[in-house]
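Student: Take this sequence and fold it.
(one chain, ligands or ions: 1)
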Amino acid sequence: MATRHRDDTIVAPSKIKPVQPPMYKVMLLNDDYTPMDFVVHVLQHFFNKSHEQATQIMLKVHTEGRGVCGLYPADIAATKVAQVTGFARQHQHPLQCVMEEN
Ligand code: TYC
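Tutor: Residues are numbered from 1 along each chain as shown. Purely as a prediction, here's the structure:
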(Lines give C-alpha, C1' and ligand atoms only; values in the text may rest on other atoms or scores of the structure.)
Protein backbone atom coordinates (compact mmCIF):
# COMPACT_ATOMS: atom_id res chain seq x y z
CA MET A 1 0.00 0.00 0.00
CA ALA A 2 1.33 3.53 -0.82
CA THR A 3 2.26 5.64 2.22
CA ARG A 4 1.16 9.31 2.43
CA HIS A 5 3.62 11.40 4.47
CA ARG A 6 2.72 14.57 6.41
CA ASP A 7 3.93 16.81 3.53
CA ASP A 8 1.66 14.91 1.11
CA THR A 9 4.62 13.09 -0.49
CA ILE A 10 3.40 9.73 -1.67
CA VAL A 11 5.89 6.88 -1.51
CA ALA A 12 5.10 3.96 -3.78
CA PRO A 13 5.55 0.47 -2.28
CA SER A 14 8.98 -0.94 -3.04
CA LYS A 15 9.09 -3.70 -5.64
CA ILE A 16 12.44 -4.85 -4.27
CA LYS A 17 12.09 -8.09 -2.35
CA PRO A 18 14.31 -8.15 0.72
CA VAL A 19 17.02 -10.74 0.10
CA GLN A 20 17.41 -13.23 2.93
CA PRO A 21 21.04 -13.76 3.91
CA PRO A 22 22.29 -17.35 3.43
CA MET A 23 21.95 -19.25 6.70
CA TYR A 24 24.41 -21.73 8.19
CA LYS A 25 23.82 -24.66 10.50
CA VAL A 26 26.24 -24.73 13.42
CA MET A 27 26.84 -28.36 14.38
CA LEU A 28 28.66 -30.31 17.06
CA LEU A 29 30.48 -33.50 16.13
CA ASN A 30 30.83 -36.50 18.42
CA ASP A 31 34.14 -37.67 19.87
CA ASP A 32 35.09 -40.24 22.51
CA TYR A 33 36.67 -37.87 25.05
CA THR A 34 34.66 -34.68 25.64
CA PRO A 35 32.55 -35.17 28.79
CA MET A 36 28.79 -35.15 28.27
CA ASP A 37 28.21 -32.48 30.91
CA PHE A 38 30.73 -30.19 29.16
CA VAL A 39 28.76 -30.50 25.89
CA VAL A 40 25.50 -29.74 27.73
CA HIS A 41 27.14 -26.67 29.27
CA VAL A 42 28.34 -25.51 25.81
CA LEU A 43 24.83 -25.86 24.36
CA GLN A 44 23.32 -23.88 27.25
CA HIS A 45 25.94 -21.15 27.31
CA PHE A 46 26.66 -20.55 23.60
CA PHE A 47 23.35 -21.61 22.03
CA ASN A 48 20.86 -20.54 24.73
CA LYS A 49 19.36 -24.01 25.12
CA SER A 50 17.54 -25.13 28.27
CA HIS A 51 19.18 -27.96 30.23
CA GLU A 52 16.60 -30.36 28.75
CA GLN A 53 17.09 -29.18 25.13
CA ALA A 54 20.87 -29.26 25.58
CA THR A 55 20.76 -32.80 26.94
CA GLN A 56 18.63 -33.97 23.99
CA ILE A 57 21.00 -32.41 21.43
CA MET A 58 24.08 -33.80 23.23
CA LEU A 59 22.57 -37.33 23.21
CA LYS A 60 21.69 -37.01 19.52
CA VAL A 61 25.31 -36.06 18.74
CA HIS A 62 26.57 -38.87 20.96
CA THR A 63 24.43 -41.52 19.20
CA GLU A 64 24.25 -40.17 15.62
CA GLY A 65 27.63 -38.48 15.29
CA ARG A 66 26.48 -34.91 14.74
CA GLY A 67 23.69 -32.55 15.67
CA VAL A 68 22.47 -29.04 14.90
CA CYS A 69 22.88 -26.40 17.61
CA GLY A 70 21.37 -23.50 15.66
CA LEU A 71 20.90 -21.70 12.35
CA TYR A 72 22.65 -18.33 11.88
CA PRO A 73 23.89 -15.87 9.24
CA ALA A 74 27.52 -16.54 8.19
CA ASP A 75 29.28 -14.09 10.52
CA ILE A 76 27.37 -15.16 13.63
CA ALA A 77 27.82 -18.86 12.77
CA ALA A 78 31.59 -18.35 12.33
CA THR A 79 31.76 -16.54 15.69
CA LYS A 80 29.94 -19.41 17.46
CA VAL A 81 32.32 -21.95 15.89
CA ALA A 82 35.37 -19.94 17.03
CA GLN A 83 33.98 -19.35 20.55
CA VAL A 84 33.02 -23.01 21.12
CA THR A 85 36.31 -24.30 19.69
CA GLY A 86 38.32 -21.85 21.82
CA PHE A 87 36.37 -22.73 24.96
CA ALA A 88 36.81 -26.49 24.35
CA ARG A 89 40.60 -26.11 23.78
CA GLN A 90 40.95 -23.98 26.94
CA HIS A 91 39.52 -26.97 28.78
CA GLN A 92 41.68 -29.47 26.81
CA HIS A 93 38.67 -31.13 25.14
CA PRO A 94 38.74 -32.19 21.46
CA LEU A 95 35.11 -31.13 20.84
CA GLN A 96 34.58 -30.10 17.21
CA CYS A 97 32.11 -27.42 16.16
CA VAL A 98 31.53 -26.79 12.45
CA MET A 99 29.25 -24.75 10.19
CA GLU A 100 27.55 -25.85 7.00
CA GLU A 101 25.40 -23.89 4.54
CA ASN A 102 21.76 -24.82 5.11
N1 TYC B 1 30.74 -39.14 23.15
C2 TYC B 1 31.07 -38.32 24.32
C3 TYC B 1 31.21 -39.20 25.52
O4 TYC B 1 30.81 -40.35 25.52
C5 TYC B 1 30.02 -37.24 24.56
C6 TYC B 1 29.93 -36.23 23.47
C7 TYC B 1 28.69 -35.79 23.04
C8 TYC B 1 31.09 -35.68 22.91
C9 TYC B 1 28.59 -34.83 22.05
C10 TYC B 1 31.00 -34.71 21.90
O11 TYC B 1 29.63 -33.30 20.52
C12 TYC B 1 29.74 -34.28 21.49
N13 TYC B 1 31.76 -38.65 26.60
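
Student: in the chain, which spans are helices?
Tutor: Ranges of helices in the chain, per DSSP state H, are 36-47, 51-64, 74-90.

Student: contact partners of the shortest one?
Tutor: Right, the one you point to is helix 36-47. 26, 28, 49-51, 53-55, 57-58, 61-62, 69-70, 80, 83-84, 87-88, 91, 93, 95 (C-beta atoms under 8 Å, 6 or more residues apart in numbering). Backbone N, C-alpha and C define where each C-beta goes, glycine included.

Student: what's the angle between it and helix 74-90?
Tutor: Orientation check (axes from the mean of the first three to the mean of the last three C-alpha atoms, to 10 degrees): helix 36-47 against helix 74-90 gives 150 degrees.

Student: got the buried residues for helix 36-47?
Tutor: 38, 39, 40, 41, 42, 43, 46, 47 (16 or more other C-beta atoms under 10 Å).
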